[in-house]
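S.K.: Got a sequence here, can you model it:
(chains A and B)
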Number of protein chains: 2
Amino acid sequence: MSKKKDYINPNLKRGKNFTGTRSYTAQELFDGLKAGDTIDLARAITLIESNNHNQQEQAQALIQKCITTEHNSIRIGITGVPGVGKSTFIETFGMHLIQKGHKVAVLAVDPTSSVTKGSILGDKTRMEQLAKAKNAFIRPSPANDSLGGVTKKTKESILLCETAGYDIILVETVGVGQSETAVHGMVDFFLLLKLAGAGDELQGIKRGIMEMADGLVITKADGDNLNMVSTAMNSFKRALHLYPPKANGWSPKVLSCSALEKTGIQEIAKLIFDYVLFTKENNSFFAKRIDQNKEWFLSTVKNNILDSILLKPDNQKRIAKYLNQIDNNKIAPYSAAIELVKQISYTP
Amino acid sequence: MSKKKDYINPNLKRGKNFTGTRSYTAQELFDGLKAGDTIDLARAITLIESNNHNQQEQAQALIQKCITTEHNSIRIGITGVPGVGKSTFIETFGMHLIQKGHKVAVLAVDPTSSVTKGSILGDKTRMEQLAKAKNAFIRPSPANDSLGGVTKKTKESILLCETAGYDIILVETVGVGQSETAVHGMVDFFLLLKLAGAGDELQGIKRGIMEMADGLVITKADGDNLNMVSTAMNSFKRALHLYPPKANGWSPKVLSCSALEKTGIQEIAKLIFDYVLFTKENNSFFAKRIDQNKEWFLSTVKNNILDSILLKPDNQKRIAKYLNQIDNNKIAPYSAAIELVKQISYTP
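M.R.: Predicted structure coming up:
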């Protein structure tokens, strides 16, 4: 790769982008990814998250290149409410995997609470070691508009990380809203973190999330907490028992760990590798990925159609006009929608 | 209204629909709604749920008529996991309101579990009294395809019920998936039902749902259960206390009831009427409805665009072709999506 060296006057050479930040072609970024360059990985993710039309074409070319490469990764979804110790767990778990020779990427799916309208994902400063580790890559969640949904480009980001040689992809989310369902739809193994004891009603496990979990881990299993952890483990084992068996034959397991005392971490890694072995042997691992690919296809189609129509300046103006009329009770929202749709046409 | 009388040969008169079921015009249905005809109400909801193009035009005309009418209704969302006694509560609560002179409509938003792919909403046979009551209307949830989402037409159904004179609209949902957020976005008051005692981890209150609740009711407060109920009430009061105050100034309340012994029901009704008074006085009642109308507008726009594009036979064929290629690992899902979108054009 020559691109790290030709910084003297790259714009002259390429004849475009006469600003401080220059664009990278799909080929350049792809070469960077194949070489394991984390700066190019970050650039590539920024590229695919862009709404700019030209950049989207580059992004598409890049993804097409990445898809042709063979990957042998494990995608792990990690969820749990704020306070369960998710960042601390990911730090400890990630460092353990790196010591075992893996390359670990951490992506975050950050929904915004529909009530508080704010972001609820913890900051990354609690992953200090991992942030510095050579074989780790941490990407915070993008600030997204609501048009395309919160998880618009996470699947694509996973693919980029895999191309850059990361063989363990951790996708972090929080126990609120629809993000779990989305993350469950893009990972091989779904891990649910729980606290033992008091406050169960607040840390809330909805039935849907328990159903999705392939493994459940009680965090903070140390010190005075140990008795409560053992009670909680039994209670969750009973609870998991109440669900119908999973179609792939896997029985979800309950484990505990202490990120503080670094106990239980190895067992969790073993559980996940056992799961991968088990589901690869009965072929459900690959069947699940194909199902996820179909969902990926459909959601990309829907997002692209809506984006290319609704982000047009003309249509943005129309939308603003109707929102204003609705604000003043001058038009019924349903009628406004029908009127607007009649004014819209779309050609690719 | 003559339409009840001209059944002798309605097709001859209208020159269309030579089948057993004939279509009704928007005006006919509107007249029926204004007269409080429940059969026309059921027909009207079926009409707006239809994906047929001609019917959609009628539906739109009907909704436009309904919007011009003044309504003075209260929309109440009711959620809680299966087993909490939702149907029994709605039966008792609905009958109480009818005895107080209200007309009560019950709508259901029925998400399908992303894991089991099945419907999880209880059947209506447990609302025996309400189903027979003169001033009640119960509409089970529609069987929806996944294209437009589970809550596609619930807002419109609420409007139809209001036009037919129902002044209390109960919108029922279950504690799984994204349905709560959707229902919260279309009601004035959001009520969360909870069981006391054992099994808290299974009936699961996610943080997001607690945040949404304007009132929380512990059900089955009778017999041996009373001690546990009192403990649970205190625990939920403390829990609710931990949330930031609501923007509208309302502090969510915790109550209990027994549908069996018919206790606590009156208090719940009072709580909701107090809430309506409080929020109407500080104007947040109307501000919330306007916000909801904007959301209604945006989601209707998105659903209509996607439906009119993706339901076209040509595009259905294209989608099927790509899904088949993805199944056989012949194309990357992202590339397939981009290819497909390039083949699609849309004119209203």
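S.K.: and the gap between the residue nearest to residue A:42 when sequence neighbours are not counted and residue A:92?
M.R.: Leaving out its chain neighbours, the residue that sits closest to residue A:42 by Cβ to Cβ, 6 or more residues apart in numbering or on different chains is residue A:139, at 7.1 Å. C-beta coordinates here come from the backbone N, C-alpha and C atoms, glycine included. Residue A:139 sits 19 Å away from residue A:92, going by Cβ to Cβ, to the nearest Å.
S.K.: and the host helix or strand of residue A:47, what's its mean pLDDT?
M.R.: When secondary structure is defined by DSSP states H and E, residue A:47 falls within helix A:38-49. Mean pLDDT, helix A:38-49: 91.
S.K.: what about the very next helix or strand once past that helix, near chain B?
M.R.: The helix or strand immediately downstream of helix A:38-49 is helix A:53-67, counting by DSSP H and E. Yes - residues of helix A:53-67 are located near chain B by Cβ under 8 Å from any Cβ of the partner chain, namely A:60, A:63-64, A:67.
S.K.: hmm, which two among these are most spread apart?
M.R.: Across the residues of helix A:53-67 next to chain B, the longest distance by Cβ to Cβ is 10.7 Å; it joins A:60 and A:67.
S.K.: Mind checking which of the two has more residues around it?
M.R.: The neighbour comparison of residue A:60 against residue A:67 (other Cβ atoms under 10 Å in any protein chain shown) goes to residue A:60, with 19 against 15.
S.K.: Show me what the longest helix out of those in chain A is packed against.
M.R.: Longest helix in chain A by number of residues (criterion: DSSP state H): helix A:284-310. Using 3 or more Cβ pairs under 8 Å, 6 or more residues apart in numbering or on different chains; DSSP states H and E, the elements in contact with helix A:284-310 are helix A:265-281, helix A:313-327, helix B:284-310, helix B:313-327, helix B:333-343.
S.K.: now it against helix A:53-67, angle please.
M.R.: 170 degrees (axes from the mean of the first three to the mean of the last three Cα atoms, to 10 degrees).
S.K.: the more surrounded of residue A:139 and residue A:92?
M.R.: The neighbour comparison of residue A:139 against residue A:92 (other Cβ under 10 Å) goes to residue A:92, with 24 against 19.
S.K.: For that one, report the pLDDT, please.
M.R.: pLDDT, residue A:92: 95.
S.K.: Near residue A:234, how many other residues are there?
M.R.: 11.
S.K.: Quick check: it is in a helix.
M.R.: Yes - Residue A:234: assigned to a helix according to DSSP: H, G, I helix; E, B strand; the rest coil.
S.K.: Read off the pLDDT value for residue A:16.
M.R.: At residue A:16, pLDDT is 39.
S.K.: let me redo that: residue A:57
M.R.: Taking residue A:57 on its own, its pLDDT is 81.
S.K.: Can you tell me the closest non-neighbouring residue to residue A:30?
M.R.: residue A:65 (4.5 Å).
S.K.: gap between the longest helix of chain A and the chain center?
M.R.: Distance of helix A:284-310 from its chain centroid, counting by Cα atoms, centre = their mean, to the nearest Å, is 14 Å.
S.K.: Pop the domain breakdown of chain A in here.
M.R.: For chain A, the structural domains run A:10-67, A:74-282, A:293-343, going by automatic domain parsing.
S.K.: ranking those domains by burial, who's on top?
M.R.: Among these, domain A:74-282 has the highest mean neighbour count (mean count of other Cβ atoms under 10 Å in any protein chain shown), at a mean of 19.
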